[in-house]
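Asks: no FASTA, just this:
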């Protein structure tokens, strides 16, 4: 049964789940992104996947099941072949003496239900599950990919290997990483064997090891896939390939670097179909969101996203581009590398072998009549100079810079020999950010702050000065502060976390800040003035997210507490 736009409106707006304005905005965004309306509603955080599923089930007077919480046993799945489950969008998740419990997002598939009753000899109890829940459960048909990998590797120890086995092993690595939501695969040669680790939600986890004797074959296979030179072992190489399986297509960016024990590989998984971040769902507070949106709407000037490697800077740039991209403007980028293709945007990748550097590429872009320019990173004096001058001559320039916080951006640009009055005239806003892990929604629980956390909190004067914490402690004793954490469950692989979200420090360059920049004042002076002007520090934004149950206090202190 198709859940039409009209039905969703009837389910969500009159009962007050979301407003008419929010619903209309989601409809527009879903059409622009070419994704389903439910995906957009969930992506914007207007309603959770679980609550939307329960609302739909209640509307049609049917039971609801959250497949993220239900234990899907393989013996239940085996009652229905995988190809049938995929075609009918149905999952068997429980069986009793006389009843088979079936989860589906096609609740009017009556003919199939009757056939299943006839085949199994059991009554069929139909439950509604969301599309996201069905897709997650379908992955269980693969069984335990880790066991398959280990079985294949053990076979290499005992029986040797053939070329087809290497191909299969690489496919299993990629599928296992993708199913575990890994952003990166690290293949690290050690003295006696090779370690494979996956980065999930920002943390590396050991996945498996394989014998050193296989490493050259694995490297050869990766180089073939990524169109690299197979006979080059002493130089760094970069490449890229597309991986296709029955469920998903995704890009893989490959970096190979020679180290003392062999060639080290890092593969980044880029799921372009899942790249649906928007300014609305990045985790910006309402105030910070409005500041960024206002800066993005200005016809010229510079927007900078700053932070360490892996802090989400590029994602912020892409979401701003998505917001600004329309047929009336010419949007161009110079990147290293191009991580996601954006329809309607002219994207250029740095190529040092062809002397296409950030500076040279940017110099050429400004001759292409752009309205909006994205520079992947300002790395050197020449790039900084061209970017600043572009921002002063009628272009909106967005870029990234490696600094610890928003205020230190200005001394960093000065170190690149950019004149302070040019910085003050061109930079509109600085977005400093870090990534923290989200608490798993399936096993989230509240608790009263523990003694060790309380001590950490009270000894951190910057934390105690946060308005969000002051608001809570003004009403009750801080020792009774209620926080949140994840217990650990199947959905989050017992980590207590699923996914990540940004914490932000957004510095608007107003007249007072401009005056300090031109006077070459220290970062601390600029920081204090920004606080007086209403800037919320990274730590305080993180604490606000810990208090509302988005992340844990431990995560915030670890990432932004110093």
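Replies: Nice, I can see it. Nothing here was measured: the structure is a model prediction, and the numbers come from that model. Residues are numbered from 1 along each chain as shown.
Asks: Tell me where the stretch 451-562 of the chain has strands.
Replies: 482-486, 497-508 (DSSP state E, counting those that start in this stretch).
Asks: What distance do you get for the closest residue to residue 174 other than its chain neighbours to residue 433?
Replies: Ranked by Cβ to Cβ, 6 or more residues apart in numbering and with sequence neighbours excluded, the top spatial neighbour of residue 174 is residue 243, at 5.4 Å. Where C-beta positions appear, they are placed from N, C-alpha and C, glycine not excepted. Distance from residue 243 to residue 433, counting by Cβ to Cβ, to the nearest Å: 29 Å.
Asks: higher neighbour count, the two?
Replies: Using other Cβ atoms under 10 Å as the criterion, residue 243 and residue 433 rank with residue 433 on top: 26 against 17.
Asks: Need phi/psi at the more buried one.
Replies: Backbone geometry at residue 433, expressed as degrees, to the nearest 10, gives phi -150, psi 160.
Asks: my guess is it contacts residue 310, does it?
Replies: No - in this structure residue 433 lies outside contact range of residue 310 using Cβ atoms under 8 Å: 10.9 Å.
Asks: Sketch out the helices for the stretch 51-200 of the chain, chain order is fine.
Replies: Assigned by DSSP state H, counting those that start in this stretch, the helices in the stretch 51-200 of the chain fall at 74-77, 82-88, 110-120, 131-138, 145-159, 163-179.
Asks: Let me fix that, I meant to ask about the stretch 451-562 of the chain.
Replies: Assigned by DSSP H, counting those that start in this stretch, the stretch 451-562 of the chain shows helices spanning 451-458, 461-464, 467-473, 511-518, 523-532, 538-547, 553-560.
Asks: Please identify the deepest-packed of those helices.
Replies: helix 538-547 (a mean of 25; mean count of other Cβ atoms under 10 Å).
Asks: before we move on, the earlier item: how much space separates the residue nearest to residue 174 from residue 251?
Replies: Separation of residue 243 from residue 251 (Cβ to Cβ) stands at 8 Å.
Asks: Quick check: neighbours shared by these two?
Replies: Common neighbours of residue 243 and residue 251 (criterion: Cβ atoms under 8 Å, 6 or more residues apart in numbering): none identified.
Asks: which residues does residue 505 bridge with?
Replies: residue 432 (DSSP bridges).
Asks: Quick one: neighbours of it, just the number.
Replies: Residue 505, neighbours per other Cβ under 10 Å, totals 26.
Asks: Can you list phi and psi of residue 395 for me?
Replies: Residue 395 has phi and psi values of phi -110, psi 150 when expressed as degrees, to the nearest 10.
Asks: tell me the pLDDT at it?
Replies: As summarised for this prediction, residue 395 has a pLDDT of 93.
Asks: Kindly report the same for residue 218.
Replies: So residue 218 comes in at 93 (pLDDT).
Asks: For the helix or strand containing it, which helices and strands make contact with it?
Replies: Under the criterion of DSSP states H and E, residue 218 resides in helix 215-225. Applying 3 or more Cβ pairs under 8 Å, 6 or more residues apart in numbering; DSSP states H and E, one finds that helix 215-225 contacts helix 163-179, strand 182-189, strand 237-244, strand 249-259, strand 262-270.
Asks: for the stretch 51-200 of the chain, which spans come out with low pLDDT?
Replies: Where the stretch 51-200 of the chain drops to pLDDT under 70, the residues are 68-75, 82-83, 142-145, 157-163.
Asks: Lowest mean pLDDT among the helices and strands of the chain, which one is it?
Replies: Within the chain, no helix or strand scores below helix 74-77, which has a mean of 71 by mean pLDDT, DSSP states H and E.
Asks: okay, how far is it across stretch 509-528, tip to tip?
Replies: 13 Å (Cα to Cα, to the nearest Å).
Asks: go on, stretch 183-202?
Replies: 8 Å.
Asks: Please apply the same query to stretch 363-382.
Replies: End-to-end distance for stretch 363-382: 10 Å, by Cα to Cα.
Asks: Any buried residues in it, and which?
Replies: 365, 366, 370, 372, 373, 374, 375, 376, 377, 378, 379, 382 (16 or more other Cβ atoms under 10 Å).
Asks: if we can go back for a sec, deepest in the core, which of the helices of the stretch 51-200 of the chain is it.
Replies: helix 131-138 (a mean of 19).
Asks: how far out from the middle of the chain is that helix?
Replies: Here the centre of helix 131-138 is set off from its chain's centre by 19 Å, with Cα atoms, centre = their mean, to the nearest Å.
Asks: Contacts for that helix next, please.
Replies: Around helix 131-138, the neighbours that count as contacts under Cβ under 8 Å, 6+ apart are 36, 38, 42, 49, 53, 65-68, 72, 82, 85-86, 89-91, 93, 103-105, 129, 247.
Asks: please redo it, this time with the cut-off set to 6 Å
Replies: Outside helix 131-138, the residues that touch it by Cβ atoms under 6 Å, 6 or more residues apart in numbering are 49, 67, 72, 89, 91, 105.
Asks: Equivalent analysis for stretch 55-69, please.
Replies: Here stretch 55-69 makes contact (Cβ under 6 Å, 6+ apart) with 11, 50, 53-54, 103, 107, 127-129, 133, 137, 442, 491.
Asks: Tell me which entries of those lie within strands.
Replies: The members of the contacts of stretch 55-69 that map onto strands under DSSP state E are 103, 127, 128.
Asks: With neighbour count and distance to residue 186 as added columns, please give the residues you listed in CSV.
Replies: Below are the ones in strands among the contacts of stretch 55-69 laid out as CSV (neighbours: other Cβ atoms under 10 Å; distance: Cβ to Cβ, whole Å):
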residue, neighbour count, distance to residue 186
103, 26, 36
127, 21, 40
128, 22, 40
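Asks: Nearest to residue 182 among these?
Replies: Checking the ones in strands among the contacts of stretch 55-69 against residue 182 with Cβ to Cβ, the nearest one is residue 103 at 26.2 Å.
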